[in-house]
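>>> my questions concern the predicted model and sequence given below.
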Amino acid sequence: MSNGIIERIHFIFTYQFAKVGEASITLWTLLQLAIFMTAIFYIASKTRTVLVNRVLARTRLDLGTRQAIGTMFRYAILIVGTLVGLQSVGINLTTLNVIAGAVGIGVGFGLQNIASNFISGLIILLERPIKVGDRVVIGDTEGDVMEIGARSTTLVTNNNIAVIVPNSRFVSESVINWKYTDNLVRFEIPVTVESDADPRTVERLLLDIAAANPDVLNSPPPDVCFNEFTDRGMKFLLRVWNQNHLHKKLVLLSALNFAIHERFAGAGIEIAIPKKNPPRVQPTPNELASVS
């Protein structure tokens with residue numbers, strides 16, 4: 001390689017096309033910064049993985065807590081690494097005040113959603129209203145929390161469909177968390193029977209049905225509430241406890257409804273069906289004339 005080519009390459013890499021404070025921004029400076037930041041991102045990702053899957057896995061912390069701690073460590077490494085990387089290439093952070101002001105204006109005009117979602121993500125990780133592994137319902141979406149990122153949270157539904165939800169929704173909207181305290185949840189199955197049925201027989205049959213289902217817990221025990229009399233009949237509520245079907249609630253509810261239909265039919269108890277209003281018949285002209 002001739003000296004002319006070496007000098008040209010040296011000129012390209014050391015050519016100053018910008019200046020931040022006292023630091024000269026060259027292609028070589030950007031290349032160094034890019035290599036350093038790539039290494040920082042890799043280290044942050046590997047540290048989070050080792051921390052969550054190896055170090056914290058030996059503790060009694062649940063998966064959601066381990067994931068939250070790992071993510072916070074990743075953010076800390078990225079922030080510190082970025083500051084060190086800028087300093088290492090000669091960029092004094094005090095000279096970035098103008099840039100920070102410009103970014104602030106940009107956030108005020110066009111990046112509100114990004115900033116809101118990022119801050120909401122930090123709030124979620126610190127306060128932990130939801131965590132990885134929880135079963136949540138937000139709006140019309142129900143699924144398992146698979147990942148809580150800087151901008152969004154990933155839910156996976158029973159249909160194995162991933163739904164990306166902005167973090168700000170979990171802070172500003174009402175969220176149902178089926179596993180916030182533990183996996184123990186009570187399910188309610190409404191049953192309406194005709195008014196000529198014996199209420200105590202209905203109660204006994206419903207308790208027998210609950211006891212016969214292997215997924216219904218004995219402690220706390222199931223119970224039956226006689227809610228009210230209506231024009232349709234008598235309304236009952238079978239309440240059962242379960243901790244295995246949070247992800248597939250319809251499986252348990254369907255099994256109980258099948259059993260209720262079969263046992264009631266065998267016992268001669270008729271389940272009340274909503275009565276349809278008879279169709280309204282328009283009066284004929286002659287009928288209208290006779291009324292007038």
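Cool, the structure landed.
>>> how about stretch 146-164: buried residues?
148, 150, 152-155, 163 (16 or more other CB atoms under 10 Å). To be clear about C-beta, it is placed using only N, CA and C from the backbone, and glycine gets the same treatment.
>>> swap in stretch 208-223?
Neighbour count says stretch 208-223 has 209-210, 215-217, 222 buried, by 16+ other CB under 10 Å.
>>> and the furthest pair within the residues you listed?
Farthest pair in the buried residues of stretch 208-223 (CB to CB) is I209 and L217. Separation: 14.4 Å.
>>> flag the shaky bits of the stretch 151-292 of the chain, pLDDT-wise.
274-292 (pLDDT under 70).
>>> do that again at 50, thanks
Residues of the stretch 151-292 of the chain meeting the criterion pLDDT under 50: 291-292.
>>> hmm, back to that, wait, which of the buried residues of stretch 208-223 is closest to I138?
I138 has its nearest neighbour among the buried residues of stretch 208-223 in D215, at 26.2 Å by CB to CB.
>>> before we move on, the earlier item: out of the buried residues of stretch 146-164, the closest to F264 would be?
Distances from F264 to the buried residues of stretch 146-164, taken by CB to CB, are shortest for L155, at 37.5 Å.
>>> can you list the buried residues in the lengthiest helix in the chain?
Counting residues, the longest helix found in the chain (DSSP state H) is helix 63-88. By 16+ other CB under 10 Å, the buried positions in helix 63-88 come out as 64-71, 74-75, 77-78, 81, 85-86.
>>> what do you get for stretch 244-251?
Here stretch 244-251 shows 245-246, 249 as buried, counting by 16+ other CB under 10 Å.
>>> doesn't P214 lie inside a helix?
No - counting by DSSP: H, G, I helix; E, B strand; the rest coil, P214 is not part of a helix but coil.
>>> next helix or strand past the helix or strand in which I164 is found?
According to DSSP states H and E, I164 maps onto strand 162-166. Where DSSP H and E defines the elements, the next helix or strand beyond strand 162-166 is helix 167-172.
>>> how far does the following helix or strand past that next one sit from its chain's centre?
Remark: after helix 167-172, the chain's next helix or strand is strand 176-177, criterion DSSP H and E. How far strand 176-177 lies from its chain's middle: 9 Å, per CA atoms, centre = their mean, to the nearest Å.
>>> and strand 176-177, what other elements does it pack with?
strand 135-138 (3 or more CB pairs under 8 Å, 6 or more residues apart in numbering; DSSP states H and E).
>>> what's in contact with the helix or strand following the strand it packs on?
Using DSSP H and E, the helix or strand that follows strand 135-138 in sequence is strand 141-148. Strand 141-148 has contacts (CB atoms under 8 Å, 6 or more residues apart in numbering) with 64, 67-68, 71, 121, 124-125, 130-136, 153-158, 162-163, 165, 167, 247.
>>> just stretch 159-173 next, same as before
Against stretch 159-173 from outside (CB under 8 Å, 6+ apart): 113, 116-118, 120-121, 123-124, 129-130, 138-139, 141, 143, 146, 148-149, 151-157.
>>> 6 Å instead?
Under the contact criterion CB atoms under 6 Å, 6 or more residues apart in numbering, stretch 159-173 has outside partners 116-117, 120-121, 123-124, 141, 152-156.
>>> quick check: pLDDT value at Y75.
As predicted, Y75 sits at a pLDDT of 82.
>>> how close does it get to M37?
Between Y75 and M37 the distance is 15 Å, computed by CB to CB, to the nearest Å.
>>> what is the neighbour count of T192?
Residues within reach of T192, counting by other CB atoms under 10 Å, total 18.
>>> R204 is in contact with R263, correct?
No - the criterion here is CB atoms under 6 Å, and R263 misses it with R204 at 10.2 Å.
>>> neighbours around P190, how many?
P190 has 10 neighbours, counted by other CB under 10 Å.
>>> show me where the stretch 151-292 of the chain has its helices.
167-172, 199-212, 249-267, 285-291 (DSSP state H, counting those that start in this stretch).
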